[in-house]
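**Q** I need the structure of the sequence given here:
(chains A and B)
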Amino acid sequence: MHAKRKVIHPRLSGAAVLLVFGNVVLSMSAGAATGNIHEIKLPLEGAALRPSELPGYTIALQKCAICHSSDYINLQPPHMSLTQWTAEMVKMQHAYGAPIDESEIKLLAAYFAATYGDATSIKDADAATPVATATIAADGGSMKIDVQANSCRRKRQRERGFHAALPRTRG
Amino acid sequence: MPKMDTKERKPSMKTLLNGMGRRRFLRDSIAGLSTLALARRGFAAAESLPFDNGTRELIAYPQKRPLLRITTRPPHLETPFTAFNEGAITANDAFFVRYHLANIPLSIDPTTYRLNVRGKVERQLALSLDEIKALGAPVEIVAVNQCSGNSRGHSTPRVFGAQLGNGSMGDARWVGVPLKAVLEKAGLAANAKQVTFNGLDTPVLPSTPDFIKALGVELALNSDVLLAWNMNGEELPFLNGYPLKLIVPGYFGTYRVKHLSDIEVLDAPFTGHDAFFMTTAYRVPDNECTCVAPGTSPASTRPISRLKVRSFITSLSNNAIMRMGHAALVKGIAFDGGTGIRKVELSDDGGRRWREARLAESLGKYSFRQWSLSITPRERGPLELRVRATSNQGEVQPEQASWNPGGYARNVIESLKVVVA
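**A** Purely as a prediction, here's the structure:
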């Protein structure tokens, strides 16, 4: 005997559900279906990261997508600085357990700041002292973490990627 | 016979043009926004929230009308603001959806579902839905559920996080059994301090903290705290926590644990890796305004708790047209953290003079309270309307928006700019 199964699809009204009884699909109103397996089908994932030649782009494709869709990144406010993006990556690693190491944090932050954020902050960071202090802020934590600033090698990589990545219009 | 096709249905022109011009067509060629389904029909409806990078697609999810999609995985959907003008109660198919972890349940069998109660109790329990429903007479409470980060996109300066407009809130009639009945059946240990709540959603990686919330024992035994299975006369929509949801009236939505499956009683404060959403996230500056100077970090924080008093105009949106010399009934909603609304005032001169609105019938101290006031514009041109609520305990909305790093608990006086023609 097969279990009764109630499959709730997008686009059907709240009162419209499907019941699968064995191989037979029946329709029936909601509320009368207690005792049946409730199942949902979610819409497809369509968002994509903004392409870039920066090495952080490839890391983002591989690592960020493990736990969340890229619209988590796409919808963030524009003009966030390298320091802010770095703090966000540190939060992803420390607080949410993202499998990214120190060098990946720097590359990811550079990609996000250059592609989604305030690219001038990258130049400012290069001109500043080599150590920047980032603060975990977005969820109200008060932990302070020192973040090593970027090396000269990465600066060259970033500058190569700038022209392709920068002139973006807002969504 | 309900329609059973799963293809994307084209929205009608009426749907698309509804909303005072705030909805726009988005070409599917815009990078990052197209899906196969959208590409097939050529365009998607969208709504623009009034801050940078605020365009959101309107997408229909199971049991939901098209809602503003904030994120896809895990799903996070916001209610289009026009829905709040439909009544004090927010329809189930318009109610917002917010998950934290990507492994959300997609299939739940109510016959095998169990709520486990364990920890510092006299009897461990594994209750079926029928056993939970038989614990006592069902209790009904109308209560607002508002995301801690509702309106975060309006934070100035901006902060990271889900960039929400004002639609991550809703008011519903919840039916359930008091949590107290379950805890009493299990028998709390004399030294019980906190009670934790976990649902069927889990993190993708073991290194990611689970989403578990904690309440102090005193609050957990408050008879208004419910384990609800019914929302607005129907079983809970799947994405709102079917089959059982924790309802903590008057508190921010973060405590409304969905697909509730595990309750643990502790004899000490909740700590450790999986206490992250209590000990690190969802915390506000530990002061009266829950605020700090913009861009700074608080010296100390505490878990976010009660809703702050808020009010909104729902019958008009920005850039709406009002007619000179014609009376228009301006309508809206107000709510607070559980004392109820004493008064709502409206200003049509930028906040110099305030007129008291008429309050509609109360659905309870935790509910949206509808209000209305007739306004007759006397001059052509731009007109700014402001709305200000006062709670029964005398809490008033502030004139200036405060700031905190999480973008939580916004409750500044809202203003709208309309045009008198």
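**Q** wait, is residue B:264 part of a strand?
**A** Yes: under DSSP: H, G, I helix; E, B strand; the rest coil, residue B:264 falls within a strand.
**Q** Tell me who's in contact with it.
**A** B:117, B:118, B:119, B:195, B:196, B:198 (Cβ atoms under 8 Å, 6 or more residues apart in numbering or on different chains). (C-beta placed from N, C-alpha, C; glycine too.)
**Q** What's the separation between it and residue B:396?
**A** 39 Å (Cβ to Cβ, to the nearest Å).
**Q** picking up where we left off before, list the ones among the contacts of residue B:264 that fall in helices.
**A** Judged by DSSP state H, helices contain none of the contacts of residue B:264.
**Q** Could you give the backbone dihedrals for residue A:114?
**A** Main-chain dihedrals, residue A:114, degrees, to the nearest 10: phi -70, psi -30.
**Q** Surely it and residue A:122 touch.
**A** Yes: assessed by Cβ atoms under 8 Å, residue A:114 is found in contact with residue A:122 at 6.1 Å.
**Q** of those two, who's got more company?
**A** More neighbours surround residue A:114 than the other of residue A:114 and residue A:122, with 26 against 23 (other Cβ atoms under 10 Å in any protein chain shown).
**Q** Am I right that residue B:156 is in contact with residue B:407?
**A** No: when contacts are counted by Cβ under 8 Å, residue B:156 is not listed as touching residue B:407 (9.9 Å).
**Q** between these two, who's got more neighbours?
**A** residue B:407 (28 against 10).
**Q** does the more buried one really touch residue B:161, like I thought?
**A** Yes: between residue B:407 and residue B:161 there is a contact under Cβ under 8 Å: 5.7 Å.
**Q** Where does residue B:372 sit, in terms of helix or strand?
**A** strand B:369-375 (DSSP states H and E).
**Q** Would you mark the buried spots in that strand?
**A** B:369, B:370, B:371, B:373, B:375 (16 or more other Cβ atoms under 10 Å in any protein chain shown).
**Q** List just the nearest of those to residue B:63.
**A** residue B:370 (25.1 Å; Cβ to Cβ).
**Q** show me what contacts the closest residue to chain B within chain A?
**A** Chain B sits closest to residue A:97 of chain A, with a gap of 2.6 Å, by Cβ to the nearest Cβ. Residue A:97 makes contact with B:203, B:205, B:206, B:207, B:208, B:209 under the criterion Cβ under 8 Å, 6+ apart.
**Q** I'd like the distance between it and residue A:63.
**A** 11 Å.
**Q** Then residue B:229?
**A** Counting by Cβ to Cβ, the gap from residue B:229 to residue A:63 is 39 Å.
**Q** neighbour count winner among the two?
**A** residue B:229 (23 against 18).
**Q** For whatever helix or strand that one lives in, which helices and strands make contact with it?
**A** Secondary structure from DSSP H and E places residue B:229 in strand B:226-231. With contacts defined as 3 or more Cβ pairs under 8 Å, 6 or more residues apart in numbering or on different chains; DSSP states H and E, strand B:226-231 has these neighbours: helix B:129-133, strand B:169-178, helix B:179-186, strand B:245-247.
**Q** Tell me how far residue B:117 lies from residue B:222.
**A** With Cβ to Cβ as the criterion, residue B:117 and residue B:222 are 17 Å apart.
**Q** Domain map for chain A?
**A** Per automatic domain parsing, the structural domains of chain A span A:5-40, A:55-165.
**Q** want to throw the contacts of residue B:264 into TSV with distance to chain A and pLDDT?
**A** As requested, the contacts of residue B:264 are exported to TSV (distance: Cβ to the nearest Cβ, whole Å; pLDDT from 0 to 100):
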residue	distance to chain A	pLDDT
B:117	22	98
B:118	25	98
B:119	25	98
B:195	22	98
B:196	19	98
B:198	17	98
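**Q** Just the buried ones among those, please.
**A** B:117, B:119, B:195, B:196, B:198.
**Q** from what I can see the last one touches residue B:258, true?
**A** This means residue B:198. No: counting by Cβ under 8 Å, residue B:198 stays clear of residue B:258, with 10.4 Å between them.
**Q** Please parse chain B into its domains.
**A** B:13-87, B:115-281, B:310-420.
**Q** Export those as TSV, with columns for distance to residue B:95.
**A** Listed next are the domains of chain B as TSV, based on distance: least, Cβ to Cβ, whole Å:
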stretch	distance to residue B:95
domain B:13-87	7
domain B:115-281	4
domain B:310-420	13
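**Q** which one of these has the lowest average pLDDT?
**A** Lowest mean pLDDT of the domains of chain B: domain B:13-87, a mean of 72.
**Q** Hmm, residue B:224 is touching residue B:141, no?
**A** Yes: look at residue B:224 against residue B:141 with Cβ under 8 Å: they come within range, at 6.2 Å.
**Q** Which neighbours do the two have in common?
**A** With Cβ under 8 Å, 6+ apart as the test, residue B:224 and residue B:141 both reach B:249, B:366.
**Q** So which of the two has more stuff around it?
**A** residue B:141 (22 against 19).
**Q** Confirm the more buried one sits in a strand?
**A** Yes: assigned with three-state DSSP, residue B:141 falls within a strand.
**Q** residues touching it, list them.
**A** If you count contacts by Cβ under 8 Å, 6+ apart, then residue B:141 has B:173, B:174, B:224, B:226, B:247, B:249, B:364, B:366 around it.
**Q** Name the nearest of these relative to chain A.
**A** residue B:173 (14.9 Å).
**Q** Look up how far residue B:417 lies from residue B:384.
**A** Residue B:384 is 5 Å from residue B:417, by Cβ to Cβ.
**Q** How about residue B:153?
**A** 18 Å.
**Q** Looking only at neighbour counts, state which of those two leads.
**A** residue B:153 (26 against 13).
**Q** For residue A:91, see how far away the more buried one is.
**A** 19 Å.
**Q** Could you do residue B:138 as well?
**A** Residue B:138 is 42 Å from residue A:91, by Cβ to Cβ.
**Q** With residue A:56 instead?
**A** For residue A:56, the distance to residue A:91 - Cβ to Cβ - is 16 Å.
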